[in-house]
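# build the 3D model from these lines:
(2 chains)
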Amino acid sequence: MAGDNRNNRFFRPRRLLIILVGICLFLLLVSSFSESFSNAVRGAIDAVLMPMQKGMNRAGRAVFSRVEELQELYRVREENEELRRELEELRRANAKLQLGQTELDALREVLALKEQYPDYDSVAAHIIGRNSDNWFRSFLIDKGSEEGIRVNMNVMAGGGLCGIVTSVGDHFATVSTIINDGQYVSAMTTHSVDSFIVAGDLTLYTEASLALQHIPLTADVRPGDTVVTSTISDVYLPGLLIGHVASVQTDPNQLSRTGVLRPVTDFDHMDTVLVITTLKEKGE
Amino acid sequence: MKRFLCYLLLMVAAFFLQNNVFAASTLIMTVPNILLILVFSFGFIRGSVDGMLLGFGCGLLTDVFFAGVLGASALIYTVLGYLIGLLGRYYYTEFADMPLILCLISDLVYHLGVFVIMFLLRGQTHFWPYLTGVIVPELLYTAAVAIGLYPLLRRLNTLIEKWEVRKTKSFV
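So this is what the prediction gives:
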């Protein structure tokens, strides 16, 4: 214990505790008020660690990939069957929709309506790290402010909404997924305009589901309905696919309904994502 | 000084191992908390000061990369390092290598901290689903890794100590 005594001359444990806790509280206070301060700290650490992180992530994949490949094979086989069936159905539906689209275009022209859901510009990014503290599902991507990524940009994966950019470094950005407890997305079904809330819920993580909240009693929401982001959210762009309604039930208070949503994004198997570089305009 | 360099390297290595190597695996849904193992091992073996410094560094790394506001994890890890250091002082025995008990205590302290600071203060009061869904799986996985890692860290500590002694002798 010789080293201990030598250290103690410089810092007494209790004094050090007070100093460090003080620094923590200071950081908490300053970073919750000033975005630029936390970005400066992030930038400094990011510059040193980021190149290493990319390499390590590749190494991690290599280690686990052998076993996972086998597992993947079984999964893919089943999925293939399913997809084939789905493709059949989609082809049929597509033909029908194309007919509908021509009709819609004609009608739109007549009414001079602006297109509701334009194609958004997007940038592809690789996932290079995941938050491992098991309370939150967020991940890092290898593009940052230098590549045009900004806070609050929407992130898509596997065709569905996957999350939102919460902080940005020079060459990395943190994305919080919508299954995170505390993430709320304002949403609606494709065939009605009643909006409700899609909420991340830690207890539904394991089933890879999300919670539906505040569905109006009168809204026409049924299992199987397609859910997209609504037009009234202030950070999410309208018309992004989220998933399908799995179940709906009336709350005990008889005032609204809640339900469960199956997202189209497979949150366990993501390695590239699309960041939509269009930001929702708030009219400020 | 050399010791702090070692700590810095260990921290970065543990951070990568945890967030890039283990998290890249989807075999098991949970990820062992290697940073936590680092903090409680050195906190227990070397005392509060080392535990706190490691805890502060590990927490800050986690905050910088994953949290919206800086300082929350750093706070939890620092306090944890201090507490484990106290435990080590009053419970010091040569043969009591007890990674399991240490792991249990520090994982619970850590998760209670996270729950109170990041969930309870936000009005999420359901503790039970978090306990069974998050805490217990991580605890088991972390404990399993700790059993293997703790003796290695202990040996590493002896190595650093020897190295320090030799350095001071050669100067005298």
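
# hey, let's count contacts and neighbours off CA atoms from now on
Fine.

# any idea how far stretch A:12-25 is from the chain center?
36 Å (Cα atoms, centre = their mean, to the nearest Å).

# in it, which residues are buried?
Across stretch A:12-25, burial judged by 16 or more other Cα atoms under 10 Å in any protein chain shown covers A:13, A:16, A:17, A:20, A:21, A:23, A:24, A:25.

# tell me, how many residues neighbour residue 163?
All of this refers to chain A. 27 (other Cα atoms under 10 Å in any protein chain shown).

# my question was about chain B, not that one.
14.

# residue A:26 too?
14.

# can you tell me the centre-most residue of the chain?
Going with chain A. Nearest to the geometric centre of chain A sits residue A:163, at 1.4 Å (Cα atoms, centre = their mean).

# hmm, I had chain B in mind actually
Nearest to chain B centroid, counting by Cα atoms, centre = their mean: residue B:36, 2.0 Å.

# next one: phi and psi at that one?
When read as degrees, to the nearest 10, the backbone of residue B:36 gives phi -60, psi -40.

# got it, and residue B:71?
According to degrees, to the nearest 10, residue B:71 has phi 110, psi -20.

# thinking it is in contact with residue B:59, fair?
Yes: between residue B:71 and residue B:59 there is a contact at 7.4 Å, judged by Cα atoms under 8 Å.

# okay, these two: which has more neighbours?
Taking neighbours as other Cα under 10 Å, residue B:71 and residue B:59 compare with residue B:71 leading, 29 against 24.

# tell me the pLDDT of the more buried one.
Residue B:71 carries a pLDDT score of 84 in this model.

# check the one 5 residues further on too.
According to the predicted model, the pLDDT of residue B:76 comes to 90.

# isn't it up against residue B:113?
Yes: proximity of residue B:76 to residue B:113 meets the contact threshold set by Cα under 8 Å, at 6.0 Å.

# which residue ranges of chain B form helices?
All helices of chain B, identified by DSSP state H, fall at B:2-16, B:34-46, B:48-66, B:72-90, B:99-114, B:128-130, B:136-171.

# in a markdown table, list those along with distance to chain A.
Formatted as a markdown table, the helices of chain B follow (distance: least, Cα to the nearest Cα, whole Å):
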| stretch | distance to chain A |
| --- | --- |
| helix B:2-16 | 7 |
| helix B:34-46 | 7 |
| helix B:48-66 | 5 |
| helix B:72-90 | 6 |
| helix B:99-114 | 8 |
| helix B:128-130 | 6 |
| helix B:136-171 | 7 |
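
# which of the ones you listed has the lowest average pLDDT?
The stretch with the lowest mean pLDDT among the helices of chain B is helix B:128-130, at a mean of 78.

# check which residues of it are buried.
Buried, per 16+ other Cα under 10 Å, within helix B:128-130: residue B:130.

# which other helices and strands contact that helix?
The helices and strands touching helix B:128-130, judged by 3 or more Cα pairs under 8 Å, 6 or more residues apart in numbering or on different chains; DSSP states H and E, number zero.

# pLDDT at the residue in chain B that chain A sits nearest to, what is it?
Here chain B gets closest to chain A at one residue, residue B:21, 3.8 Å apart by Cα to the nearest Cα. Looking at residue B:21, its pLDDT stands at 71.

# how about it, what does it touch?
A:56, A:57, A:59, A:60, A:61 (Cα atoms under 8 Å, 6 or more residues apart in numbering or on different chains).

# A helix includes the third one, no?
Spelled out, it's residue A:59. Yes: under DSSP: H, G, I helix; E, B strand; the rest coil, residue A:59 sits within a helix.

# re earlier: looking at the buried residues of stretch A:12-25, which are in strands?
Per DSSP state E, strands hold no members of the buried residues of stretch A:12-25.

# and the nearest residue to residue A:148 once chain neighbours are set aside, how many neighbours?
In space, and not counting its chain neighbours, residue A:148 is closest to residue A:277: 7.4 Å by Cα to Cα, 6 or more residues apart in numbering or on different chains. Using other Cα under 10 Å, residue A:277 has 17 neighbouring residues.
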